[in-house]
Each structure stands twice: as structure tokens, then as C-alpha cells.
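[1] Quick one, structure for this:
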Amino acid sequence: MKSKTKTVYVCQACGSQSPRWMGKCPDCGAWNTMVEEQMERSKDVGSAKRGGGSEPLLLGDIQAKDEDRFVTKIGELDRVLGGGIVAGSVVLIGGDPGIGKSTLVLQMLKQVSELRGKALYVSGEESPSQIKMRAQRLGVKTENLYVLAETQLDEIIRATDGLEPQVLVIDSIQTMFTSELPSAPGSVGQVREVSGKLMIHAKRTGIPTFLIGHVTKDGAIAGPRVLEHIVDTVLYFEGDKGHSFRILRAVKNRFGSTNEIGVFEMKESGLAEVANPSEIFLAERPADATGSVVVSSLEGTRPILAELQALVAPSKLTMPRRTCIGVDFNRVSLLLAVLEKRVGMHLMGMDVFVNIVGGLKIDEPAIDLGVIAAVASSFREKPINAQTVVMGEVGLAGEVRAISQAEARLKDAAKLGFTRCVLPQLNVEKMEKTAAIKKMELMGVRTVDEAMERLF
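    Numbering: from 1, shown residues only. Take a look at the predicted model:
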């Protein structure tokens, strides 16, 4: 079969192709990302062999079967994966450099190799001796964990077929290449081709494959977005390097929920699971401090209590500063406007700073009332009762709207010793009070003005 070589220019950000070079990608708008690549295409690509394809099946005749899962004994990782690792699945893990991606997969391989058998760790960035040093620091000692320093895809597949591991880890996908393409490792063509072949290999052999990917400056996984469409699960490992906490979050999962998160704490001996994140995030909360309030965020099925702080100070600038860390800037601007219009709180000449303690990022509207309470507390120099939890969504008319799964949030707050809660009146009316919730004083509010009266 004869083939011909075709030269195209491919955007390294989105994968868009063009027959000529351009300074700006016409699809994603990125500058200086068009790179020349050679593509070999067969002359009869469009032809198909008759009689060799799959036949359509009636949906009612298809036999459903449960996924073949196995747990890793790392509870936070199993939670995010949907209950464990599915045989033949392909999982992409992305995160900032040094955030702990390699540490996480090495600890996972330790558990899998002890429970299931052989595991293979393929590294294109580190030598076996470097991996050994990290394994000694993490206390990884197992006879079934194999290490391969290789970047050539064919050699990796050959070694995998010979070893037949229970789990395969590729660290990282941007360093791998196939000799079938002339482009350099890390290019769009190489990442797409290598990922596609690893996916086919995982489905054929049933070996779960974990791909570690670099991220760009804006936090997206480097390479074409088609990479996220190829894999079964996409996990992001997040965290602030100034804090020891790390959050593993699923943004795509064909075998489970995308709402679950796993919380870890980085220690000298590796990543430790945080079974009760609320207790950790509230451990150093100051007593009787103005501008501090406890809010409840729901991550999947897990309620997490966090401390939200606000600082309001007179500004000497023409345009007062608005700084937000861990919360949406536009949402905070909207809530400040509600305080100005509906409550009569004059914030136009004030700098306002809002922060979620512990490096958390919360984007659900259930913390709206908490933001308003913290800002009002700092502005009025009046602290909020330390045993009070505040939750509720706020509308532009100043109304407090109901939130989802209020019972689960209240149960978690009661376990940590909170005795009062300010929440939407509609949630109080619809709630089935359990023994734990009956011990709490529930203060239902319908408007922001009413919430201010209850809090202060």
C-alpha cells in the first residue's frame, strides 16, 4: 500500500490544522502555536473492507454487566474514581509541577502491587535510581513493582505484554513518542497518536492505564483537548504550594460521579488521606475574630465546612480594591452590590478582601450568605458567634434562596459541635429533623436584612 507525506501546521494548544503557517490560531486564538508536522496518509484511507465490520445490535438484546473494579485501599482515590479502578480504563491525571502527581501514583502502585500482583511504572522524565530514591522516602517496598525508563511507545507496549501487569502508569504522556510520526515528543500529533494507541492497548488487554499530563499556565492539561475525549477519566490534582493540602477532583468519569473530591495532606512520608477535611480546615480558626464565618460546601456527596474570611478597610485609592481567593470574583462583586442596595451598607470607599482558608476553592452559590455575613461582620466590627454555620443562596432582590442537601450539611456541622445555623426558611420548612439536627438551633431567614438581624 503506497502512502504519501503531507505537511500541515498544527496548533499545539487546540490541535487545529492549517495548510500554511499563521501567527494566530484561527480556532482558539492562541499566538505562535502553529508548528509544522508531517503526516503520512494512505491513498485509500476512505475504503473499507466489506463484511468485516461490526453489526448493529438491538439494545434489548445486549447483556449488561458490572464493571470489573478493584480498590486501591486509598479511600480518597477510590472515592474519586467511583469506587475503584475499572479494568481496561484509561485515566488522565493532570496538575502543576511538584504538586504530587508522581507521589500519588507511586503510593497507588504500592497498594495495587501488594493486593493484586505486578505493577509497571514507566517514566520518561526520571531514571530508575531517582524513582528508587523517592520510593525509599515514601516507604514503598514491594517485590511486584517494576520500573521502566523508556519513551518509545513500541518498547513500552512490548515490555507491558511480556510482564502483564495489573496496572500501567505512564509518567508523563508528553515525553512519549512513536516512530511512526516524524514530529518531536510532546507535539499534538505525538500526544494524540500515543494516547490513542495506549487506549487501544488498554481495551485489548484489560490493563488499567494511568497517564500523567503536564498543565499549561492557565491550568489546562497541555496538548490537544482531544486527549481528554480519548480517556475514560480525567482527574485534576489541585493545591496551593503554600499549603499542605491537596485536592483530587474528577472533571470527567465514565464509571462514576464527577462531583466527588479526594483530600490529601502532603507530609514528609508522602500523601496522607484526610478523612475529615472540615476538622482540619477549621483547626486554627481564631476565636471572636471579626470577618470570620463558617460556611458549608457540598463536594459530591461530602459536605465540607470551611472558614470564610473577609476584611473591609478604608481605601485611599480612586478605585477600591476587590481581592478574592478561593471564591468567584464576579459573585463577590454581585453580593457587595446587594449589601449596598438592599442593606444600605456603604462599601464604595472600602477595600474588600475575601478568602477561603486552607487553599480551598468553592464556587457553589450556597456560600453566598456566608460571604455577606463575613463582609458585614468586618464592616461593623462585630464578630459572629463561633458556634454558628451560615449557608444560603442570595438573589439580586436580597432574598435568601433554598440550597440542596441541607440535611447532610447540618449533620456534618452537628458532628463538629456547631449548635446554631442560619439558613433559608424554605429549607427549614421542608426538613425532616433527625436526632442530630434537633440539637441545633435553626434560624430560617427569607431576606438578607433578616439574616443581619439574626447574626448581629
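[2] immediately after the helix or strand of the chain at the bottom of the mean pLDDT ranking, which helix or strand?
    Of the helices and strands making up the chain, the lowest-confidence element is strand 34-42, at a mean of 68, by mean pLDDT, DSSP states H and E. Following strand 34-42 in sequence order, the next helix or strand is strand 69-70 (DSSP states H and E).
[3] Mind listing residues that contact that next one?
    Strand 69-70 is touched from outside by 83-87, 112, 115-116, 255, with contacts defined as C-beta atoms under 8 Å, 6 or more residues apart in numbering. For the C-beta atoms, the positions are set from N, CA and C on the backbone; glycine is no exception.
[4] tell me the contacts of I99?
    For I99, the residues meeting the contact criterion (C-beta under 8 Å, 6+ apart) are 237-239, 241, 246.
[5] Please go through this structure and pick out the longest helix.
    For the chain, the helix that runs over the most residues, judged by DSSP state H, is helix 188-205.
[6] just the helices in the chain please.
    Under DSSP H, the chain gives helices at 75-81, 101-115, 128-138, 153-163, 188-205, 226-230, 277-281, 329-338, 368-380, 406-415, 425-430, 435-438, 448-455.
[7] Tell me which other helices or strands the fourth one touches.
    The helices and strands touching helix 153-163, judged by 3 or more C-beta pairs under 8 Å, 6 or more residues apart in numbering; DSSP states H and E, are strand 119-123, strand 145-149, helix 188-205.
[8] And the first one, what does it pack against?
    Translated: strand 119-123. Against strand 119-123 (3+ C-beta pairs under 8 Å, 6+ apart) you get helix 101-115, strand 145-149, helix 153-163, strand 167-171.
[9] pLDDT averaged over the longest one - what is it?
    For helix 101-115, the mean per-residue pLDDT is 93.
[10] cool, the third one as well?
    In this model, helix 153-163 has a mean pLDDT of 94.
[11] Return it as PDB; C-alpha atoms alone will do.
    As requested, C-alpha coordinates have been extracted for helix 153-163 and formatted as PDB (Å, rounded to 0.1, in the frame of the first residue of the first chain):
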ATOM      1  CA  LEU A 153       5.900   3.600  22.700                       C
ATOM      2  CA  ASP A 154       6.600   0.300  20.900                       C
ATOM      3  CA  GLU A 155       9.200  -0.700  23.600                       C
ATOM      4  CA  ILE A 156       6.700   0.200  26.300                       C
ATOM      5  CA  ILE A 157       4.000  -2.000  24.700                       C
ATOM      6  CA  ARG A 158       6.400  -4.800  24.200                       C
ATOM      7  CA  ALA A 159       7.500  -4.700  27.900                       C
ATOM      8  CA  THR A 160       3.900  -4.500  29.000                       C
ATOM      9  CA  ASP A 161       2.800  -7.500  27.000                       C
ATOM     10  CA  GLY A 162       5.700  -9.500  28.400                       C
ATOM     11  CA  LEU A 163       5.200  -8.500  32.100                       C
END
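[12] tell me the angle it makes with strand 167-171.
    Relative orientation of helix 153-163 versus strand 167-171 (axes from the mean of the first three to the mean of the last three C-alpha atoms, to 10 degrees): 160 degrees.
[13] Check what contacts helix 153-163 and list those residues.
    The set of residues that contact helix 153-163 without belonging to it, under C-beta under 8 Å, 6+ apart, is 118, 120, 122, 146, 148, 150, 168, 170, 176-179, 194, 197-198, 201, 205, 207.
[14] how about a cut-off of 6 Å?
    Contact with helix 153-163 is made by 118, 120, 122, 148, 150, 168, 176, 178, 194, 201, as judged by C-beta atoms under 6 Å, 6 or more residues apart in numbering.
[15] now swap in the last one and tell me
    Strand 167-171 is contacted from outside by 102, 105, 112, 119-123, 160, 207-212, using C-beta under 6 Å, 6+ apart.
[16] give me that answer again for 8 Å
    85, 101-102, 105, 108-109, 112, 116, 119-126, 156, 160, 176, 198, 202, 207-212.
[17] swap in stretch 138-151?
    When contacts are defined by C-beta under 8 Å, 6+ apart, stretch 138-151 is touched by residues 103, 106-107, 109-110, 113-114, 117-124, 126-128, 131-132, 135, 156, 159, 163, 165, 175-177, 185, 269-270.
[18] same thing but 6 Å
    Residues from elsewhere that reach stretch 138-151 (C-beta under 6 Å, 6+ apart): 109-110, 113-114, 117-124, 127-128, 131, 156, 159, 175-176, 270.
[19] can you check stretch 266-277 too?
    By C-beta under 6 Å, 6+ apart, the list of residues contacting stretch 266-277 from outside reads 75-76, 100, 103-104, 107, 138, 244, 246, 263-265, 280, 304.
[20] Of those, which pair is most distant in space?
    Taking C-beta to C-beta, the two most distant members of the contacts of stretch 266-277 are L138 and I304; they sit 26.7 Å apart.
[21] Deepest in the core, which of the helices of the chain is it.
    Among the helices of the chain, the stretch with the highest mean neighbour count (mean count of other C-beta atoms under 10 Å) is helix 368-380, at a mean of 25.
[22] okay, and for the protein, where does confidence drop off?
    When the per-residue scores of the chain are filtered using pLDDT under 70, the ranges that remain are 1-5, 38-53, 64-67, 216-226, 241, 435-436.
[23] Tell me which residue is most central in it.
    Nearest to the geometric centre of the chain sits R249, at 2.7 Å (C-alpha atoms, centre = their mean).
[24] My read is that that one contacts I261, right?
    Yes. Assessed by C-beta atoms under 6 Å, R249 is found in contact with I261 at 5.0 Å.
[25] domain parsing for the protein?
    Listed by automatic domain parsing, the domain ranges of the chain are 3-42, 68-275, 280-455.
[26] ok so, going back, for D288, state which of the contacts of I99 is nearest.
    The shortest approach to D288 among those belongs to G239, at 30.1 Å (C-beta to C-beta).
[27] Next, count neighbours for the closest residue to the closest one other than its chain neighbours.
    In this structure, G239 finds its nearest non-sequential neighbour in R246, 4.0 Å apart by C-beta to C-beta, 6 or more residues apart in numbering. Other residues within reach of R246 by the criterion other C-beta atoms under 10 Å amount to 25.
[28] May I have the beta-bridge partners of R246?
    The residues listed as beta-bridge partners of R246 by DSSP bridges are F264.
[29] you'd agree it is up against D240?
    No. Using C-beta under 6 Å, R246 and D240 do not qualify as a contacting pair, with a distance of 9.2 Å.
[30] how far off helix 368-380 does the longest strand belonging to the chain point, in degrees?
    The strand spanning the most residues in the chain, taking DSSP state E as the definition, is strand 302-314. Orientation check (the same axes, to 10 degrees): strand 302-314 against helix 368-380 gives 30 degrees.
[31] Thank you kindly, that will do.
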